[in-house]
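need a structure here:
(one chain, ligands or ions: 2)
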Amino acid sequence: MITRLNHVAIAVPDLKKAAAQYEALGAKTSAPQDLPEHGVTVVFVTLENTKIELLHPLGENSPIGKFLEKNPAGGIHHLCFEVENLETASKTITDLGARLLGNGTPAIGAHSKPVVFAHPKDFQGTLVEFEQS
Ligand SMILES: CC[C@H](C(=O)O)C(=O)SCCNC(=O)CCNC(=O)[C@H](O)C(C)(C)COP(=O)(O)OP(=O)(O)OC[C@H]1O[C@@H](n2cnc3c(N)ncnc32)[C@H](O)[C@@H]1OP(=O)(O)O
Ligand SMILES: [Co+2]
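Ligands and ions are numbered 1, 2, ... in the order given. Down below sits the predicted model:
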């Protein structure tokens, strides 16, 4: 059911500076992409075995904005795992007693795939995103 780690998302106060650090280490980075529906600007850092998703707030009500208020230097924001069947995984998550954000209605994520998020307070204090593989 759960397969790969698709990405580790890091909220950053300075997207250009964060991307430059990974580039200096030889990683391939994408151009910044605005995702207004998610309230973020994202740069993907592509590694051999996974991706880093560098996130910066976009717009007033960005979920990243509040996170950066609490963590001004930035920090790991969420993990994203791929699942073979998002509907089955969503049912398992709720059967385990974890809330799904946005009442569990999948959104279309940055890879144009359906995604859901489990509430961090119900998942070992970690915000976890599940993406349909
Ligand atoms: C989908 C596009 C792209 C992709 O990869 O495809 C992305 O991933 S975009 C990512 C941005 N979108 C989201 O994060 C959507 C899901 N997030 C949310 O709905 C909120 O951020 C939420 C509900 C996790 C937190 O909302 P808010 O910050 O308004 O609530 P609180 O500050 O009151 O937090 C409640 C409670 O949770 C703790 N918290 C908040 N964020 C995180 C986090 N990233 N990791 C761990 N814990 C987190 C916060 O500290 C509060 O705990 P408390 O003990 O009550 O202080
Ligand atoms: Co993500």
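
need the contact list for the residue in the chain positioned nearest to ligand 1.
Nearest residue of the chain to ligand 1, counting by Cβ to the nearest ligand atom: Gly109, 2.7 Å away. Backbone N, C-alpha and C define where each C-beta goes, glycine included. When contacts are counted by Cβ atoms under 8 Å, 6 or more residues apart in numbering, Gly109 touches His38, Cys80, Val115, Glu129, Glu131.

what's the next secondary structure element after the lowest-mean-pLDDT helix or strand in the chain?
Ranked by mean pLDDT, DSSP states H and E, the weakest helix or strand in the chain is strand 107-108, scoring a mean of 94. Downstream of strand 107-108, the first helix or strand assigned by DSSP states H and E is strand 114-118.

is ligand 2 contacted by that next one?
No. Judged by Cβ under 5 Å from the ion, strand 114-118 stays clear of ligand 2, getting no closer than 7.1 Å.

what does that strand contact?
Strand 114-118 is contacted by residues 78, 80, 86, 89-90, 93, 98-102, 104-109, 127-132 when judged by Cβ under 8 Å, 6+ apart.

shouldn't Val40 be in contact with Asn61?
No. Val40 is beyond contact range of Asn61, at 11.3 Å (criterion: Cβ atoms under 8 Å).
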